[in-house]
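**Q** model the following, please.
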Amino acid sequence: MKRSAAYHVGQLLFLITCCVEALAQPPVPKQAVIEVPFELIRGAIIVSTTVDGAGPFWMMLDTGVDPSVVDLETAKSTGLKIAGGHEISGGGTSHNVAYETSLPIVQLGGLTATKVDAGAMDLSSLSMKLGSPVGGILGYSFLKGRIVQIDYPNRKVRFYRMAPACAGGPPTCTILSFRYKNAILAKGVTVDGKPVTAHIDTGSNSYFQFTPAAVDKLGLSEDVARSHESSSLGFNGNLKNHEGSVRNVTVGSISVDNPTVIFFGKGMGMDKELWDLRIGSAFMKDFAVMLDFQHGKMTLARDATPKSGE
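**A** Next comes the predicted model:
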């Protein structure tokens, strides 16, 4: 089973593919809500985490990664078992290898997860770009089956037993449905009035990004022609992109006119994605983002202050 993961920070794009099978569903938190603080570094959500009692390590919380990732040196220092390597496909033209492993016990604040599937690989480039050591990336193999709220304005991640109701309607709250297939694929998003499949990626620090297929599908060639060339460093080398704008992107009830966007170039590793538009942290940073993986619902809220009893 093919699993893919993507991370974009500044002009850095990692596209990771590993083959690892899920071992266990995550336990439901005993408390009604578990709250964990995070730091936002260049758009990346960074949390303090222990692995099998070792650490703490700074790890990213990234909805665009599956399975989770542990730095190779961190894996070795904590005595994790590492299986045969797999060549990683992704943006760029060079070659990299990830090794199958599992995180026996992951402690994140008051939340404990066991047997979290992961790929062990060198994350030194990511650490260098963030300017902070990164011991791993907690992705879908950690998040699946959970109800998670990423409260960007208050720098809190909350894990719920039951998803709380979002008080008020638009524009206070907007709700989208999603499914998961190698990425969070959400409905209810339009570009210039045309419906698209959106990928919700907390590991991307961009606003909106388009695949080459979406440019053709949505008739955005003139928008690309007005854009300027840009480049990013992919996990497998350099990528050539274009930075420009489109007339409008609407996410549920939230309408954004003339947003800055990235158009991925053809042949840069983004040609066969199941999504048209990737939504990153530059857009989500103004909201508390609830991702209910149990029911396939996403909520964007302006006010996420937990109410009494939650």
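
**Q** now for I147: which residues touch it?
**A** Shown in contact with I147 (C-beta atoms under 8 Å, 6 or more residues apart in numbering): 159-163, 290-294. Using the backbone N, CA and C atoms, a C-beta is placed for each residue, glycine as well.

**Q** now it. Its backbone dihedrals?
**A** Main-chain dihedrals, I147, degrees, to the nearest 10: phi -120, psi 110.

**Q** for it, give its distance to L277.
**A** 24 Å (C-beta to C-beta, to the nearest Å).

**Q** and M284, by the same measure?
**A** 13 Å.

**Q** got it, and T172?
**A** Where L277 is concerned, T172 sits at a distance of 24 Å (C-beta to C-beta).

**Q** compare these two (neighbour count), which wins?
**A** L277 (22 against 13; other C-beta atoms under 10 Å).

**Q** which residues does that one contact?
**A** 189, 191, 196-199, 208-211, 214, 249.

**Q** could you redo the last one with a cut-off of 6 Å?
**A** By C-beta atoms under 6 Å, 6 or more residues apart in numbering, the contact set of L277 is 196, 198, 208, 210.

**Q** without its sequence neighbours, what residue ends up closest to the first one?
**A** Leaving aside its sequence neighbours, V196 sits nearest to D276 (C-beta to C-beta, 6 or more residues apart in numbering; 4.0 Å).

**Q** wait, isn't the one you found in contact with A214?
**A** Yes. Shown here, D276 and A214 form a contact pair, counting by C-beta atoms under 6 Å, at 3.7 Å.

**Q** show me the shaky parts of this protein.
**A** 1-31, 88-95, 167-171, 232-238, 303-310 (pLDDT under 70).

**Q** domain ranges for it?
**A** 3-144, 173-301 (automatic domain parsing).

**Q** now distance to N154 too, for those domains, in TSV please.
**A** Output for those, formatted as TSV (distance: least, C-beta to C-beta, whole Å):
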stretch	distance to N154
domain 3-144	9
domain 173-301	8
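
**Q** and of those, who's closest to D151?
**A** domain 173-301 (4.1 Å; C-beta to C-beta).
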